[in-house]
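sharing a sequence plus its predicted fold:
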Amino acid sequence: MAATFAVPFFAYPDQLMADTQNDLDAVNKQLEELRNKQSELNASYGELNEKLSASGEKLSSIEDAVNAKQSEIDATNIQVADMQAEIDQQYAAMKLRIQFMYENNNTTILSTLLSAESLSDLLSKSEYIQQISNYDHQKMQELSNLLASLKETQAKLEEEMTELVTLKDDAAREADNFAVLLSQCQTELDTTSDSITDAEALALEYEKQIEQEMLERQRREMEALEAAKKAQEEADKVNNAGNTGNNSSSGSAMVDQNALNNVLKNHTAEDVAMLAAIIECEAGNQSYEGKCAVGSVVINRVADPRFANSISGVIYAPYQFSPVASGRFAIVLARGANAACTQAAVDVLNGYININALYFHVYDSSVDVGGTVIGDHVFY
């Protein structure tokens, strides 16, 4: 968890911290550009994925149509083969009858006619022979017509199959193109994601460096303040005017009661959102008291004439809160702080100021002396 380091109103950031902050700002700008690119790539990936899915469904539908058409063609081919076999059989039978009649020199036909007992019987038998001949011709014509119709259907089905195969090939190429584009987009997404990870790691290093620089400078300032305080106490003793019991600690707030009442009574929804966001950034993993203590520091500064007289002014003051510099505060503010931090912010703005301090940072028992420790932080 990142700590907060507040620079006293009379201090100025040194060149080293300014350079590091510039480096962090540059990385944050790069991160913003990379995240925007990632967002655009995600949108493109989604569109390409939908198009690939639609193309796949289209290809599948065409393949089903091809299979169905092939079944029709196969069935028609069987019908054509069967019809051709029937025609061949009918033709063979007709040839046998004709061959039989001519090989016997029409004896059979003649004997059949001569065996007629009357003219009526003769005409009947003659008509019978003509009917056999007509049947052969009619049957052959019917079968030939059916065969021609089947072959026409066969040709039409083959033409439709050719069109379907062309459509299938086009759909397959379209699907392949979308798959290639999707793969390229995924590769670019992976590269961008890796770049974001690297940039975030670099930003974290800069943030830690700034925090360490803030901490070191703050410690020097606190040592100077403590030395000045002791010198004043010694002077007061010499002049019999010292009253050390009433001296406030170097980090104690100089509360302007009117300013405090104003921010507590007239705070807005935006004030709640900003206070909750900085609480989550600084003390999101701390207890309720730790969360309220961070919120109290912000309100104490608003009420102290040495700081800005608004919550936004205090939070956005240069070199005060590292999450503001790193960009994490903006992210939390945009999405809204969690319920626990929001409740702590509401309670603080309703008057629950649980500590009289202006500064805090991550507690280090090896170097921190004095102050009030709440959870992972020391407040002073």
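Looks like it came in fine.

what's around D19, how many residues?
If you count neighbours by other CB atoms under 10 Å, D19 ends up with 11. Every C-beta, even on glycine, is put in place using the N, C-alpha and C of the backbone.

what helices or strands is the helix or strand that contains it leaning on?
Using DSSP states H and E, D19 maps to helix 15-103. Applying 3 or more CB pairs under 8 Å, 6 or more residues apart in numbering; DSSP states H and E, one finds that helix 15-103 contacts helix 107-114, helix 119-238, helix 322-326.

how far off centre is it?
27 Å (CA atoms, centre = their mean, to the nearest Å).

likewise stretch 265-281?
Per CA atoms, centre = their mean, the displacement of stretch 265-281 from the mean C-alpha position of its chain is 30 Å.

residues making contact with it?
Outside stretch 265-281, the residues within contact range by CB atoms under 8 Å, 6 or more residues apart in numbering are 2, 263, 291, 294-295, 298-299, 311-312, 315, 321, 323-324, 328-329, 332-333, 336-338, 341-342, 344-346, 348-349.

can I get stretch 78-95 as PDB, trimmed to CA atoms?
Extracted in PDB, the C-alpha atoms of stretch 78-95 (Å, rounded to 0.1, in the frame of the first residue of the first chain):
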ATOM      1  CA  ILE A  78     -30.000 -43.400 -59.300                       C
ATOM      2  CA  GLN A  79     -33.300 -42.500 -61.000                       C
ATOM      3  CA  VAL A  80     -31.400 -41.800 -64.300                       C
ATOM      4  CA  ALA A  81     -29.600 -45.100 -64.100                       C
ATOM      5  CA  ASP A  82     -32.800 -47.000 -63.300                       C
ATOM      6  CA  MET A  83     -34.600 -45.300 -66.200                       C
ATOM      7  CA  GLN A  84     -31.800 -46.000 -68.600                       C
ATOM      8  CA  ALA A  85     -31.900 -49.600 -67.500                       C
ATOM      9  CA  GLU A  86     -35.700 -49.800 -68.100                       C
ATOM     10  CA  ILE A  87     -35.300 -48.200 -71.500                       C
ATOM     11  CA  ASP A  88     -32.600 -50.600 -72.400                       C
ATOM     12  CA  GLN A  89     -34.800 -53.500 -71.300                       C
ATOM     13  CA  GLN A  90     -37.800 -52.200 -73.200                       C
ATOM     14  CA  TYR A  91     -35.700 -51.600 -76.300                       C
ATOM     15  CA  ALA A  92     -34.300 -55.100 -76.000                       C
ATOM     16  CA  ALA A  93     -37.700 -56.600 -75.700                       C
ATOM     17  CA  MET A  94     -39.000 -54.700 -78.700                       C
ATOM     18  CA  LYS A  95     -36.000 -55.700 -80.800                       C
END
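
show me what counts as buried in it.
79-80, 83, 87, 90, 94 (16 or more other CB atoms under 10 Å).

stretch 341-349 now?
341-345, 347-349.

pick out whichever of these sits closest to A75.
Distance to A75, by CB to CB, is smallest for T342 among the buried residues of stretch 341-349, at 72.1 Å.

return the per-residue confidence for the residue lying closest to that closest one once chain neighbours are set aside.
Counting by CB to CB, 6 or more residues apart in numbering, A276 is the residue found nearest to T342 once chain neighbours are left out, at 4.3 Å. If you check A276, the pLDDT there is 98.

doesn't A276 fall inside a strand?
No: going by DSSP: H, G, I helix; E, B strand; the rest coil, the assignment for A276 is helix, not a strand.

tell me how many other residues surround it.
When neighbours are defined as other CB under 10 Å, A276 has 27 of them.
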